[in-house]
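Novice: need a structure here:
(one chain, ligands or ions: 3)
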Amino acid sequence: MEPLLNLRDLLQHEVEDLYSAEEQIIEALPKMVEKATDKELKKALSDHLAVTRNQKDRLDKIKKLMGTENGAQKGFLARMFGNGTKCKGTEGLITEGEKMMGEKMDTAVMDAAIIASAQKIEHYEISGYGTARAWAAELGMTEVAQLLETTLNEEYGADDSLTALALRKVNLNAGGSKTVGKRNQKDTSGPGNNSQQSRAQQKGSAATKKSSQKAPAKKSSAPKNSATKSSAKKAAVKSAASKKVR
Ligand code: FE
Ligand code: FE
Ligand code: ZN
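Specialist: Ligands and ions are numbered 1, 2, ... in the order given. The predicted model follows:
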(Lines give C-alpha, C1' and ligand atoms only; values in the text may rest on other atoms or scores of the structure.)
(Ligands and ions follow the chains in the order given, each with its own letter.)
Protein backbone atom coordinates (compact mmCIF):
# COMPACT_ATOMS: atom_id res chain seq x y z
CA MET A 1 0.00 0.00 0.00
CA GLU A 2 1.24 3.45 -0.86
CA PRO A 3 1.87 5.75 2.07
CA LEU A 4 -1.19 7.66 3.16
CA LEU A 5 -0.17 11.28 3.51
CA ASN A 6 -3.36 13.04 4.42
CA LEU A 7 -7.06 12.78 5.19
CA ARG A 8 -7.86 12.56 1.51
CA ASP A 9 -5.65 9.50 1.11
CA LEU A 10 -7.29 8.01 4.16
CA LEU A 11 -10.73 8.64 2.69
CA GLN A 12 -9.65 7.05 -0.57
CA HIS A 13 -8.50 4.03 1.35
CA GLU A 14 -11.73 3.82 3.34
CA VAL A 15 -13.77 4.03 0.15
CA GLU A 16 -11.77 1.12 -1.28
CA ASP A 17 -12.31 -0.80 1.94
CA LEU A 18 -16.05 -0.18 1.80
CA TYR A 19 -16.09 -1.20 -1.83
CA SER A 20 -14.53 -4.50 -0.91
CA ALA A 21 -16.98 -4.86 1.96
CA GLU A 22 -19.97 -4.38 -0.34
CA GLU A 23 -18.57 -6.87 -2.85
CA GLN A 24 -18.17 -9.47 -0.15
CA ILE A 25 -21.63 -8.78 1.23
CA ILE A 26 -23.16 -9.21 -2.23
CA GLU A 27 -21.64 -12.69 -2.27
CA ALA A 28 -22.60 -13.56 1.28
CA LEU A 29 -26.22 -12.40 1.41
CA PRO A 30 -27.70 -15.01 -0.94
CA LYS A 31 -26.37 -17.77 1.33
CA MET A 32 -28.01 -16.11 4.29
CA VAL A 33 -31.29 -15.76 2.40
CA GLU A 34 -31.13 -19.46 1.61
CA LYS A 35 -30.41 -20.46 5.19
CA ALA A 36 -33.15 -18.28 6.66
CA THR A 37 -36.59 -19.77 7.20
CA ASP A 38 -38.77 -16.89 8.29
CA LYS A 39 -40.33 -15.30 5.23
CA GLU A 40 -39.96 -11.76 6.45
CA LEU A 41 -36.32 -12.39 7.27
CA LYS A 42 -35.71 -13.83 3.82
CA LYS A 43 -37.33 -10.78 2.33
CA ALA A 44 -35.40 -8.31 4.50
CA LEU A 45 -32.14 -9.95 3.50
CA SER A 46 -32.92 -10.13 -0.19
CA ASP A 47 -34.16 -6.56 -0.18
CA HIS A 48 -30.85 -5.57 1.34
CA LEU A 49 -29.03 -7.48 -1.37
CA ALA A 50 -30.60 -5.23 -3.99
CA VAL A 51 -29.77 -2.18 -1.88
CA THR A 52 -26.20 -3.41 -1.48
CA ARG A 53 -25.70 -3.78 -5.24
CA ASN A 54 -26.79 -0.20 -5.59
CA GLN A 55 -24.40 0.83 -2.82
CA LYS A 56 -21.53 -0.70 -4.74
CA ASP A 57 -22.52 1.34 -7.81
CA ARG A 58 -22.70 4.41 -5.61
CA LEU A 59 -19.14 3.76 -4.49
CA ASP A 60 -18.12 3.56 -8.15
CA LYS A 61 -19.60 6.98 -8.60
CA ILE A 62 -17.76 8.22 -5.51
CA LYS A 63 -14.47 6.82 -6.79
CA LYS A 64 -15.05 8.55 -10.10
CA LEU A 65 -15.83 11.84 -8.36
CA MET A 66 -12.69 11.57 -6.27
CA GLY A 67 -10.63 10.59 -9.27
CA THR A 68 -11.62 13.59 -11.33
CA GLU A 69 -10.64 16.13 -8.73
CA ASN A 70 -7.48 18.18 -8.84
CA GLY A 71 -4.48 16.37 -7.51
CA ALA A 72 -6.23 13.07 -7.78
CA GLN A 73 -3.48 11.40 -9.72
CA LYS A 74 -3.08 8.81 -7.07
CA GLY A 75 -6.77 8.03 -7.01
CA PHE A 76 -6.74 7.80 -10.73
CA LEU A 77 -3.88 5.32 -10.74
CA ALA A 78 -5.48 3.34 -7.98
CA ARG A 79 -8.61 3.04 -10.05
CA MET A 80 -6.68 2.05 -13.13
CA PHE A 81 -4.73 -0.71 -11.48
CA GLY A 82 -6.83 -1.45 -8.47
CA ASN A 83 -5.15 -1.18 -5.12
CA GLY A 84 -6.00 -4.63 -3.87
CA THR A 85 -7.69 -3.42 -0.72
CA LYS A 86 -9.59 -6.23 0.88
CA CYS A 87 -11.82 -5.47 3.80
CA LYS A 88 -10.58 -7.91 6.40
CA GLY A 89 -13.17 -6.79 8.88
CA THR A 90 -16.05 -7.82 6.67
CA GLU A 91 -14.22 -10.96 5.67
CA GLY A 92 -13.95 -11.92 9.34
CA LEU A 93 -17.57 -11.13 10.10
CA ILE A 94 -18.75 -13.15 7.12
CA THR A 95 -16.51 -16.09 8.00
CA GLU A 96 -17.82 -16.03 11.53
CA GLY A 97 -21.41 -15.93 10.30
CA GLU A 98 -20.85 -18.77 7.87
CA LYS A 99 -19.31 -20.87 10.59
CA MET A 100 -22.37 -20.25 12.70
CA MET A 101 -24.69 -21.15 9.84
CA GLY A 102 -22.79 -24.41 9.49
CA GLU A 103 -23.78 -25.47 12.99
CA LYS A 104 -26.75 -27.70 13.59
CA MET A 105 -29.62 -25.60 14.82
CA ASP A 106 -33.35 -25.45 15.03
CA THR A 107 -34.57 -23.31 12.11
CA ALA A 108 -35.97 -20.62 14.39
CA VAL A 109 -32.70 -20.46 16.30
CA MET A 110 -30.87 -20.23 12.99
CA ASP A 111 -32.98 -17.22 12.05
CA ALA A 112 -31.99 -15.46 15.25
CA ALA A 113 -28.34 -16.30 14.58
CA ILE A 114 -28.57 -14.98 11.03
CA ILE A 115 -30.00 -11.69 12.24
CA ALA A 116 -27.14 -11.40 14.71
CA SER A 117 -24.51 -11.95 11.99
CA ALA A 118 -26.22 -9.57 9.61
CA GLN A 119 -26.37 -6.87 12.25
CA LYS A 120 -22.67 -7.21 13.05
CA ILE A 121 -21.99 -6.54 9.40
CA GLU A 122 -24.41 -3.60 9.31
CA HIS A 123 -22.74 -2.08 12.34
CA TYR A 124 -19.34 -2.38 10.73
CA GLU A 125 -20.65 -0.66 7.63
CA ILE A 126 -22.35 2.06 9.65
CA SER A 127 -19.05 2.79 11.34
CA GLY A 128 -17.15 2.86 8.05
CA TYR A 129 -19.65 5.00 6.18
CA GLY A 130 -20.09 7.34 9.13
CA THR A 131 -16.37 7.95 9.29
CA ALA A 132 -15.97 8.31 5.53
CA ARG A 133 -18.86 10.74 5.39
CA ALA A 134 -17.29 12.87 8.13
CA TRP A 135 -13.93 12.88 6.36
CA ALA A 136 -15.49 13.84 3.02
CA ALA A 137 -17.37 16.68 4.70
CA GLU A 138 -14.17 17.80 6.40
CA LEU A 139 -12.47 17.85 3.03
CA GLY A 140 -15.26 19.89 1.48
CA MET A 141 -16.30 17.11 -0.88
CA THR A 142 -19.99 17.87 -0.66
CA GLU A 143 -21.26 15.45 -3.25
CA VAL A 144 -19.12 12.58 -2.00
CA ALA A 145 -20.29 13.26 1.54
CA GLN A 146 -23.91 13.24 0.43
CA LEU A 147 -23.54 9.97 -1.44
CA LEU A 148 -21.87 8.39 1.59
CA GLU A 149 -24.67 9.64 3.78
CA THR A 150 -27.30 8.12 1.52
CA THR A 151 -25.69 4.73 1.96
CA LEU A 152 -25.19 5.32 5.67
CA ASN A 153 -28.91 5.89 6.06
CA GLU A 154 -29.70 2.74 4.10
CA GLU A 155 -27.48 0.75 6.45
CA TYR A 156 -29.27 2.24 9.43
CA GLY A 157 -32.57 1.30 7.83
CA ALA A 158 -31.49 -2.30 7.25
CA ASP A 159 -30.25 -2.54 10.81
CA ASP A 160 -33.46 -1.10 12.21
CA SER A 161 -35.68 -3.48 10.31
CA LEU A 162 -33.66 -6.47 11.47
CA THR A 163 -33.97 -5.28 15.03
CA ALA A 164 -37.71 -4.88 14.67
CA LEU A 165 -38.02 -8.36 13.21
CA ALA A 166 -35.92 -9.90 15.97
CA LEU A 167 -37.86 -8.22 18.72
CA ARG A 168 -41.28 -8.73 17.21
CA LYS A 169 -40.96 -12.45 16.56
CA VAL A 170 -37.69 -14.12 15.65
CA ASN A 171 -36.16 -14.07 19.11
CA LEU A 172 -39.39 -15.33 20.64
CA ASN A 173 -39.74 -18.09 18.05
CA ALA A 174 -36.17 -19.10 18.83
CA GLY A 175 -37.22 -19.97 22.34
CA GLY A 176 -37.39 -16.73 24.22
CA SER A 177 -39.89 -17.70 26.89
CA LYS A 178 -42.63 -15.24 27.71
CA THR A 179 -40.79 -14.31 30.86
CA VAL A 180 -37.53 -13.77 29.08
CA GLY A 181 -39.31 -11.87 26.36
CA LYS A 182 -40.94 -9.61 28.86
CA ARG A 183 -37.77 -9.04 30.74
CA ASN A 184 -35.92 -8.22 27.55
CA GLN A 185 -38.47 -5.67 26.60
CA LYS A 186 -37.49 -3.71 29.63
CA ASP A 187 -33.82 -4.41 29.52
CA THR A 188 -32.02 -1.61 27.78
CA SER A 189 -28.53 -2.78 28.43
CA GLY A 190 -27.68 -5.61 26.14
CA PRO A 191 -25.85 -6.55 23.02
CA GLY A 192 -27.09 -7.01 19.48
CA ASN A 193 -30.66 -6.29 18.62
CA ASN A 194 -31.37 -5.86 22.28
CA SER A 195 -29.39 -2.66 22.44
CA GLN A 196 -31.56 -1.18 19.78
CA GLN A 197 -34.51 -1.81 21.89
CA SER A 198 -33.35 1.06 23.96
CA ARG A 199 -33.63 3.14 20.84
CA ALA A 200 -37.27 2.20 20.48
CA GLN A 201 -37.87 2.91 24.11
CA GLN A 202 -36.16 6.22 23.90
CA LYS A 203 -38.16 7.32 20.94
CA GLY A 204 -39.27 10.81 21.57
CA SER A 205 -36.00 11.74 23.11
CA ALA A 206 -34.22 13.29 20.20
CA ALA A 207 -30.94 13.37 22.01
CA THR A 208 -30.77 9.63 22.42
CA LYS A 209 -32.54 8.54 19.29
CA LYS A 210 -30.34 6.61 16.91
CA SER A 211 -27.61 6.31 19.46
CA SER A 212 -28.45 2.79 20.45
CA GLN A 213 -26.53 0.46 18.16
CA LYS A 214 -23.34 1.47 19.62
CA ALA A 215 -24.29 2.10 23.12
CA PRO A 216 -20.64 1.54 24.04
CA ALA A 217 -19.47 4.10 21.50
CA LYS A 218 -20.70 6.88 23.71
CA LYS A 219 -18.36 6.17 26.50
CA SER A 220 -15.67 4.19 24.73
CA SER A 221 -12.86 5.15 22.47
CA ALA A 222 -14.77 4.30 19.32
CA PRO A 223 -13.85 6.50 16.39
CA LYS A 224 -15.24 9.92 17.01
CA ASN A 225 -16.74 10.09 13.59
CA SER A 226 -18.90 7.12 14.27
CA ALA A 227 -20.60 9.08 16.98
CA THR A 228 -22.35 10.90 14.17
CA LYS A 229 -25.10 8.35 14.50
CA SER A 230 -26.73 10.18 17.32
CA SER A 231 -29.34 12.10 15.45
CA ALA A 232 -28.65 15.20 17.44
CA LYS A 233 -24.97 14.94 16.75
CA LYS A 234 -25.75 13.92 13.22
CA ALA A 235 -27.65 17.12 12.66
CA ALA A 236 -24.86 19.08 14.28
CA VAL A 237 -22.22 17.45 12.13
CA LYS A 238 -24.37 17.94 9.09
CA SER A 239 -24.77 21.61 9.64
CA ALA A 240 -21.14 21.98 10.61
CA ALA A 241 -20.24 20.14 7.46
CA SER A 242 -22.40 22.22 5.23
CA LYS A 243 -21.05 25.36 6.80
CA LYS A 244 -17.57 24.19 6.15
CA VAL A 245 -18.32 22.98 2.69
CA ARG A 246 -19.91 26.06 1.34
FE1 FE B 1 -23.80 -1.93 2.45
FE1 FE C 1 -12.83 -2.87 6.44
ZN1 ZN D 1 -25.52 -3.25 4.62
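Novice: tell me, how many neighbours does the closest residue to Gly128 other than its chain neighbours end up with?
Specialist: Nearest residue to Gly128 in three dimensions, chain neighbours excluded: Leu18, at 5.2 Å (C-beta to C-beta, 6 or more residues apart in numbering). No exception for glycine: its C-beta is placed from N, CA and C like everyone else's. When neighbours are counted by other C-beta atoms under 10 Å, Leu18 registers 26.
Novice: in the host helix or strand of Leu18, what counts as buried?
Specialist: Element membership for Leu18 (DSSP states H and E) is helix 7-35. Of all the residues in helix 7-35, those buried under the rule 16 or more other C-beta atoms under 10 Å are 8-9, 11-25, 28-29, 32-33, 35.
Novice: just checking, what packs against that helix?
Specialist: Contacts defined by 3 or more C-beta pairs under 8 Å, 6 or more residues apart in numbering; DSSP states H and E place helix 7-35 against helix 39-67, helix 73-81, helix 88-101, helix 107-138.
Novice: possible to save those helices as TSV with distance to ligand 1?
Specialist: Putting the helices and strands packed on helix 7-35 into TSV (distance: least, C-beta to the ion, whole Å) gives the following:
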stretch	distance to ligand 1
helix 39-67	4
helix 73-81	20
helix 88-101	9
helix 107-138	5
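Novice: most tightly surrounded among those helices?
Specialist: Most buried of those by mean neighbour count (mean count of other C-beta atoms under 10 Å) is helix 107-138; its value is a mean of 23.
Novice: for the helix or strand following it, which helices and strands make contact with it?
Specialist: Sequence order places helix 142-165 as the next helix or strand after helix 107-138, per DSSP H and E. In terms of contacts (3+ C-beta pairs under 8 Å, 6+ apart), helix 142-165 is packed against helix 39-67, helix 107-138, helix 192-201, helix 231-245.
Novice: now render those helices as TSV, adding mean pLDDT.
Specialist: Output for these, formatted as TSV (pLDDT from 0 to 100):
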stretch	mean pLDDT
helix 39-67	97
helix 107-138	98
helix 192-201	50
helix 231-245	43
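Novice: could you dump those helices to CSV with distance to ligand 3?
Specialist: Below are the helices and strands packed on helix 142-165 laid out as CSV (distance: least, C-beta to the ion, whole Å):
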stretch, distance to ligand 3
helix 39-67, 6
helix 107-138, 5
helix 192-201, 15
helix 231-245, 18
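Novice: got a markdown table for the ones you listed, with distance to Thr151 too?
Specialist: What follows is the helices and strands packed on helix 142-165, written out as a markdown table (distance: least, C-beta to C-beta, whole Å):
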| stretch | distance to Thr151 |
| --- | --- |
| helix 39-67 | 5 |
| helix 107-138 | 5 |
| helix 192-201 | 19 |
| helix 231-245 | 14 |
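Novice: returning to what we had before: for ligand 2, tell me which of the buried residues of helix 7-35 show up nearby.
Specialist: By C-beta under 5 Å from the ion, the members of the buried residues of helix 7-35 lying near ligand 2 are Asp17.
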